[in-house]
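Novice: can't give you the sequence, but here's the structure:
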């Protein structure tokens, strides 16, 4: 279906997707100029707050898509040939198009033709598409934030506690990798029903960094509920 593409945006996602599409078809990149040439596919890799403005500035005709996780299709008004594809992956400027290899992607469309267009883009990018309802995209993106952004937050918190204890924070890295490799199996004191250790954790955190205690308490409560265990 697609013969030429234009990627709007040159950030982490935009550069990776433009490079991958460039391996498959003539692809140009643009930022402020919005010169899409003869592209029959325009992919907006811009901040969420800019999607609607950029979409309004583009001439109708080509298929247009955004790569936002939480953004709705209405943000692409007034275009009717539209869909969304969010690569479920974290990106960095220091790597290339191989970042999308093997990733999944959430797609949404308002017609069978739009969904088919989204699936074609997914195939071109080398990602595994799954369809979600447009209205469910914010919830889906919240899940992604828990798995990626908040994981980084937890790592930073844990690294701070390791440093406070006089331990090297980089020692956490193999632990995190093995947790993923083990399929996210629950381990630790709550699995052993060791609430005394949990209480000692809380006491030390309260003494060293009391601002972290509510986060620790909430995580303990969440894990306990998942495990079906109660304090004793």
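Specialist: Everything's here; your move. Nothing here was measured: the structure is a model prediction, and the numbers come from that model. Residues are numbered from 1 along each chain as shown.
Novice: which stretches of this protein aren't confidently modelled?
Specialist: Within the chain, no stretch falls below the threshold (pLDDT under 70).
Novice: what strand or helix carries the closest residue to residue 57 other than its chain neighbours?
Specialist: Distances taken as Cβ to Cβ, 6 or more residues apart in numbering place residue 34 nearest to residue 57, at 5.6 Å, with adjacent residues excluded. Backbone N, C-alpha and C define where each C-beta goes, glycine included. Using DSSP states H and E, residue 34 sits within no helix or strand.
Novice: residues in contact with residue 34?
Specialist: Taking Cβ atoms under 8 Å, 6 or more residues apart in numbering as the contact definition, residue 34 lies against 8, 54, 57-58.
Novice: so which other helices or strands are in contact with the helix or strand hosting residue 156?
Specialist: Element membership for residue 156 (DSSP H and E) is helix 149-164. For helix 149-164, the helices and strands in contact under the criterion 3 or more Cβ pairs under 8 Å, 6 or more residues apart in numbering; DSSP states H and E are helix 172-181, helix 195-208.
Novice: let's go with 10 Å and repeat that
Specialist: Using 3 or more Cβ pairs under 10 Å, 6 or more residues apart in numbering; DSSP states H and E, the elements in contact with helix 149-164 are helix 137-147, helix 172-181, helix 195-208, helix 213-227.
Novice: look up phi and psi at residue 6.
Specialist: phi -130, psi 130 (degrees, to the nearest 10).
Novice: do the one 5 residues further on as well
Specialist: Main-chain dihedrals, residue 11, degrees, to the nearest 10: phi -80, psi -160.
Novice: any idea how far it is from residue 163?
Specialist: To residue 163, residue 11 is 31 Å away according to Cβ to Cβ, to the nearest Å.
Novice: next: residue 142.
Specialist: In terms of Cβ to Cβ, residue 142 sits 30 Å off from residue 163.
Novice: so residue 157 touches residue 209, yeah?
Specialist: Yes. Taking contacts as Cβ atoms under 10 Å, residue 157 lies within contact range of residue 209: 8.9 Å.
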